[in-house]
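# with the sequence up front, the predicted model follows.
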Amino acid sequence: MLSFDPVNFICMIINILILYFLAKKFLFGRVDEIIKKRQEEIDTIYSTADRITKEAQDSRREYQMQLAEFEKERSEKMDEAIKEAEARKTAIVERSNAEAEEILTEARSEASRIRSMAEIDRDKQVEELVFDVASRLAGQAITEEANSELYDKFLSQATGAGSGKE
């Protein structure tokens, strides 16, 4: 049956210890080194990823700040352009009003000149009629009938000359 042999037992323990030290040195040591290298690679990858994430966040913040600054600048330029357009519009309107006023003044002056020339012409025509009637009267004998006829003729000619009809 089973018997206990102390020599055999000690040899077994020595064999187990030798196997343990050999396995530890050649098998577990290399596995531990591989695990350490992998862990270092993973740590490096994580630190690189963290650094890249921080850089991306910084770049994003910088982009948003630049975008906000660009929007502000665009808004300022739009306001400036609107003010400039308003100023140009006002200047054009003022210039147009001044030109229109000048044209109206010239037109009124011309109308006044034409009116005064028409009055002068009318006065000359009336004067000519008066001289014509006076010269006819001087050449004819003054009778009641001739006087009435000349008076009627004078009125018809004066009325025609005053209304612009000849």
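Ah, there it is.
# hey, let's count contacts and neighbours off CA atoms from now on
Will do.
# quick check: mean pLDDT of the helix or strand hosting residue 78?
Taking DSSP states H and E as the definition, residue 78 sits inside helix 29-139. For helix 29-139, mean pLDDT is 91.
# run the chain-centre distance for it.
Its chain's C-alpha centre and that of helix 29-139 lie 6 Å apart, by Cα atoms, centre = their mean, to the nearest Å.
# who are the packing partners of the helix or strand following that helix?
On the C-terminal side of helix 29-139, the closest following helix or strand by DSSP H and E is helix 144-162. In terms of contacts (3 or more Cα pairs under 8 Å, 6 or more residues apart in numbering; DSSP states H and E), helix 144-162 is packed against helix 29-139.
# tell me the angle the helix it packs on makes with helix 144-162.
170 degrees (axes from the mean of the first three to the mean of the last three Cα atoms, to 10 degrees).
# and helix 29-139, what other elements does it pack with?
Checking 3+ Cα pairs under 8 Å, 6+ apart, helix 29-139 ends up next to helix 144-162.
# show me what the helix it packs on is in contact with.
By Cα atoms under 8 Å, 6 or more residues apart in numbering, the residues outside helix 144-162 that reach it are 122, 125-126, 129-130, 133, 166.
# average pLDDT for that helix?
Rounded mean pLDDT across helix 144-162 is 73.
# pull the CA atoms of it into CSV?
Extracted as CSV, the C-alpha positions of helix 144-162 are listed here (Å, rounded to 0.1, in the frame of the first residue of the first chain):
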residue,chain,number,x,y,z
GLU,A,144,-69.6,161.0,-83.2
GLU,A,145,-70.0,158.0,-85.4
ALA,A,146,-66.3,157.7,-86.3
ASN,A,147,-65.4,158.2,-82.7
SER,A,148,-67.6,155.3,-81.6
GLU,A,149,-66.3,153.1,-84.4
LEU,A,150,-62.7,153.8,-83.5
TYR,A,151,-63.4,153.1,-79.8
ASP,A,152,-65.0,149.7,-80.6
LYS,A,153,-62.1,148.8,-82.9
PHE,A,154,-59.6,149.8,-80.2
LEU,A,155,-61.4,147.7,-77.6
SER,A,156,-61.5,144.6,-79.9
GLN,A,157,-57.8,145.0,-80.7
ALA,A,158,-56.8,145.6,-77.1
THR,A,159,-58.8,142.6,-75.9
GLY,A,160,-57.2,140.4,-78.5
ALA,A,161,-53.7,141.7,-77.7
GLY,A,162,-54.2,141.3,-73.9
